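Colleague: next comes the sequence, and after it the predicted model I'd like to discuss.
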Amino acid sequence: MAVQLNHTIVASRDKARSANDLADLLGLPAPSEFGPFHVLEVENGVSLDFMAADEINPQHYAFLVSEDEFDAIFGRIRERGLDFWAEPTGTGKGEINTRDGGRGLYWESPDGHYLEILTRPYGSGG
């Protein structure tokens with residue numbers, strides 16, 4: 001069997017709120033509960049398992065999406081008035097990037113995690 005990422009744990013102050021907020025923003029089904037986790041499934045079989053934590057070390061989570069999904073997610077980001085950037089360094093506030101002939105942007109979750117949507121994998125060419 002090939003090695004595949006199955007899940008990762010996402011530390012959050014309020015696991016239900018954080019999981020539901022990201023599900024709504026990405027247009028995904030509502031998370032399910034499993035033990036101490038709120039589990040958000042993404043299309044490639046990987047899950048983000050939100051767990052309550054007092055201390056959060058910010059992580060980066062990137063989501064590869066279609067052009068139509070990008071438009072929908074970007075629309076929800078703007079509707080919510082969330083700040084977003086073209087670069088992971090926080091530069092290009094209010095802009096998107098066009099790396100590899102696609103589109104991408106970054107924003108910060110309420111728990112301080114760095115989130116990204118992109119329409120083409122890095123290095124895939126333009």
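Modeller: Everything's here; your move.

Colleague: now do the helices in this structure.
Modeller: Per DSSP state H, the chain carries helices over the ranges 15-26, 67-79.

Colleague: show me the contacts for the residue lying closest to Glu69 once chain neighbours are set aside.
Modeller: Distances taken as CB to CB, 6 or more residues apart in numbering put Gly27 closest to Glu69, at 6.8 Å, once the chain neighbours are dropped. Heads up, the C-betas are built off the backbone N, CA and C, glycines and all. Residues near Gly27 by CB atoms under 8 Å, 6 or more residues apart in numbering: Glu69, Ala72, Ile73, Arg76.

Colleague: hmm, try it at 10 Å
Modeller: Val65, Glu69, Ala72, Ile73, Arg76 (CB atoms under 10 Å, 6 or more residues apart in numbering).

Colleague: report the buried members of those residues.
Modeller: The neighbour-count test (16 or more other CB atoms under 10 Å) marks Val65, Glu69, Ile73 as buried among those.

Colleague: from Ser18, how far out is the closest residue to the first one other than its chain neighbours?
Modeller: Using CB to CB, 6+ apart and skipping residues adjacent in sequence, the residue nearest Val65 is Ile117, 5.2 Å away. Between Ile117 and Ser18 the distance is 17 Å, computed by CB to CB, to the nearest Å.

Colleague: likewise for Gly35?
Modeller: Note on Gly35: its distance to Ser18, by CB to CB, is 16 Å.

Colleague: between these two, who's got more neighbours?
Modeller: Ser18 (24 against 7; other CB atoms under 10 Å).

Colleague: all good on my end, thank you.
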